[in-house]
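J.: Okay, sequence plus prediction incoming.
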Amino acid sequence: MEIIVISLAAFVVAILTFFSGFGLGTILTPVFMIFFPVELAIALTGVVHFFNNIFKLFLVGRNANKEVLMRFGIPAVIAAIAGSWILLNISDLQPLFSYDAFGKHFEVYPVKLIISILLIIFASIDLIPYFNTLQFGKDKLPIGGALSGFFGGLSGNQGALRSAFLIKAGLSKEAFVATAVVVSTFVDFTRLSIYGTRFTKSGLIDNLTLVICVTLAGIAGAYLGNKLLKKITLRFLQITIAIMLIIISFALGAGLI
């Protein structure tokens, strides 16, 4: 069942991800969390996200801006190492607290609470108009790279911060999309290398069939998105998905999932 549900989600979201303003990882992460532990869900999403980005590199990667890649991408990769290391080391911590409700016992773990808070913050960015106009100058590119890389490693969510900093880098639309894809790919590769130290322990090897199916679904969606939806605005869908993310995040933080 999880293969069908997550593959369908990956296909639909990948169609929208090219120009919609939200990323594949942001939405797939909580979908994976419904079926898997938090740290495994983030790692599985990272694998799918990485191969989806590899495919997009072939489509648009040649348009990336090399100067921006150096100033933004290098800090992002370094910070992704730190974020990934923190994720692995908080996943084994004992529950912060537990409670009983509706005749059931629930436990709230540090990793779930932290990821829940981060998901709520990133989802809120799509709901609050102020964040849609929040932009930073070119001199802030290294800071932006470090922030997006760190949160990419910790939670898999890097798109919102990355876009806010890159949008003012003086890039054309094609260069903006391509540069974002290249940076995202390098961050994915970095964090997966860190996660990989515990692939067997966390169960990634046991879910190769799921990863392959979801990856192929994401690639198919990305191909259609690149062909069909380049000029479509999806503000309503952004808001709808942001609300769903917040609901899922509250459930995650409360120990319900």
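T.: Received, thanks. Residues are numbered from 1 along each chain as shown.
J.: what number of residues lie near the residue nearest to residue 155 when sequence neighbours are not counted?
T.: Closest residue in space to residue 155, ignoring its immediate chain neighbours: residue 118 at 4.4 Å, by C-beta to C-beta, 6 or more residues apart in numbering. The way it works is simple: take the backbone N, C-alpha and C, and place the C-beta from them, glycine included. The number of residues packed near residue 118 is 17, by other C-beta atoms under 10 Å.
J.: so which strand or helix has residue 118?
T.: According to DSSP states H and E, residue 118 maps onto helix 110-125.
J.: what's the offset of that helix from the middle of its chain?
T.: Distance of helix 110-125 from its chain centroid, counting by C-alpha atoms, centre = their mean, to the nearest Å, is 12 Å.
J.: cool, stretch 165-172 as well?
T.: 20 Å.
J.: And stretch 87-100, by the same measure?
T.: 22 Å.
J.: residues of that stretch that come out buried?
T.: If you call a residue buried by 16 or more other C-beta atoms under 10 Å, then stretch 87-100 has these buried ones: 87-88, 90-91.
J.: before we move on, back to that, go ahead and confirm the residue nearest to residue 155 touches residue 151.
T.: Yes - the criterion here is C-beta atoms under 8 Å, and residue 118 meets it with residue 151 at 6.6 Å.
J.: shared neighbours, those two?
T.: Here residue 118 and residue 151 have residue 157 as joint contacts, going by C-beta atoms under 8 Å, 6 or more residues apart in numbering.
J.: Which of the helices and strands in this structure ranks last by mean pLDDT?
T.: Using mean pLDDT, DSSP states H and E, the weakest-scoring helix or strand in the chain turns out to be helix 199-202, at a mean of 58.
J.: helix or strand right after that one?
T.: Next element after helix 199-202 (DSSP H and E): helix 208-228.
J.: And that next one, what's buried?
T.: 210-211, 213-222, 224-226.
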